[in-house]
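Visitor: Attaching a predicted model along with its sequence, questions to come.
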Amino acid sequence: MNQDLDALSLIRELSGDDFERFKTAAQVLTSKTFIIRGIDKERELYDFTVRNVALFEAWFSCMNASLVRDESMGVIAFRGSGNTRIYFSRDEICAVLVLRLLYEDKKLEVSLTKFPIVSVRDFQDKYNAMTGEEIKKTALGRVLSRLSSCKLVSVESGDYTDPEGIIQLYPSIPLSIDRNALDIAVSALENKAEDDGE
């Protein structure tokens, strides 16, 4: 038997409640990609997954997938093969890049909130500046709703188009786009803006 799969035998040692937690954590990871420690209702799943990471890694390796975890940020991410990946539209990709930049800007600020926050207006302004296009209200609502469902952000008011609405930036953002990919994307956007200006 493959040594990497030896940890699968740990599933027999789980209590009934822990087996239910295992199933729930696996479902959240495969459907929502992230488990975030700072989200109150996910704290227990996060702690359980960290304690049983060998079992989860063996389980997901059977489907050619893996886990990425950053305990300093409190995030566990599912990394699947091509047929399990989430695909974004152009607007959504641009929005994630903008959110990644905003996250970098805000993460070192002292705040009383659990996660860095920005207003919807700040997001719109940065998006418009980065893309050279104005994001329409319907596109804004659609993009923020989708990124919220992907657990990259949370909009506190629930109104994705309210300029005064507050967007919580989850620590899953840096795991969705690493620093190298961010630098490449920003460079491509800057080159596009220069080409359009000529």
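Guide: Cool, got the structure.

Visitor: Now do whichever strand or helix holds Leu67: distance to the chain's middle.
Guide: Using DSSP states H and E, Leu67 maps to strand 66-70. Its chain's C-alpha centre and that of strand 66-70 lie 12 Å apart, by Cα atoms, centre = their mean, to the nearest Å.

Visitor: which residues are in contact with the helix or strand just after it?
Guide: Downstream of strand 66-70, the next assigned helix or strand under DSSP H and E is strand 75-79. Residues outside strand 75-79 that contact it (Cβ atoms under 8 Å, 6 or more residues apart in numbering): 29-30, 33-37, 46, 49-50, 60, 65-69, 84, 170-172, 175-176. Backbone N, C-alpha and C define where each C-beta goes, glycine included.

Visitor: how many other residues sit next to the closest residue to Ser66 other than its chain neighbours?
Guide: Nearest residue to Ser66 in three dimensions, chain neighbours excluded: Arg79, at 4.9 Å (Cβ to Cβ, 6 or more residues apart in numbering). By other Cβ atoms under 10 Å, 15 other residues sit near Arg79.

Visitor: pLDDT score for Arg79?
Guide: Per-residue confidence at Arg79 stands at 89 (pLDDT).

Visitor: do Thr84 as well
Guide: 62.

Visitor: Give me the spatial nearest neighbour of Ser157, chain neighbours excluded.
Guide: In space, Ser157 is closest to Gly165, 4.4 Å off (Cβ to Cβ, 6+ apart).
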